[in-house]
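Chemist: structure of the sequence below:
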Amino acid sequence: MVLSDACMYKKSNHALIKFEQGYLQEEFLLHLFSIFKIYCFMIKPGNRIELTGERKGLIKSLWFKTFSHSSFDDIWELFYIKSSDNKYPIKIIREGLILDHLTDRGLAFWIMGDGSLQKDKKTMILHTQSYNQNENIILSKELNKKFSFKSEVILHKKKYFVIKFHSEDGLILHNLIKPYIHKSMAYKIPIYL
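Modeler: Modelled structure (predicted):
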């Protein structure tokens, strides 16, 4: 999930992970909480409330964070470096991340967080716009090498770089991620007919 929406902090000697999802993904967030609750002081996820607009006063998103733990330090080292001013760490993508660390299950969770199945139900956009073009190229090349995809980096909405899995990748994606997709996210599984 750190490839996706989760972020990490290091406020002590060890790292912690924060998860947050929009209110429409409440069931998925609760699933993540069930996996990580042994690392949480929280007894249930918190929520953020809409402060303005049509949904004012309603839940905007749900979140939880783990406590700092040595179990998360290796993940921290994979993703974060010190900024030049040493104030805030910077999340980066390094070569070898996908090839050396991403599993089928990890891919499924990444897609549950950032995947968007297109109208043909076979083409997938992985919303990786928080990464720059070069990082997206690294991710796409390594996904292709590891899983035999034909993904490519495209410009989305004329301003963001994202990874596109074409319809011919639909069957591979389907077979890789289906065993790990939470029922609330089943709509993200590509069809293969």
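
Chemist: torsion angles phi and psi at residue 20?
Modeler: phi -150, psi 140 (degrees, to the nearest 10).

Chemist: from residue 63, how far out is it?
Modeler: 4 Å (C-beta to C-beta, to the nearest Å). Quick note: C-beta positions are derived from backbone N, CA and C, even for glycine.

Chemist: what sits in contact with each of the two?
Modeler: 29, 48 (C-beta atoms under 8 Å, 6 or more residues apart in numbering).

Chemist: tell me which other helices or strands the helix or strand containing residue 116 touches.
Modeler: Using DSSP states H and E, residue 116 falls within strand 115-117. With contacts defined as 3 or more C-beta pairs under 8 Å, 6 or more residues apart in numbering; DSSP states H and E, the packing partners of strand 115-117 are strand 124-126.

Chemist: where does the prediction get shaky in the chain?
Modeler: 86, 193 (pLDDT under 70).

Chemist: where exactly do the strands run in it?
Modeler: In the chain, the segments counted as strands under DSSP state E are 7-9, 16-22, 46-49, 59-65, 80-81, 90-91, 115-117, 124-126, 152-156, 160-165.

Chemist: quick one: which of the ones you listed is nearest residue 40?
Modeler: The closest of the strands of the chain to residue 40 is strand 59-65. By C-beta to C-beta, the value is 6.0 Å.
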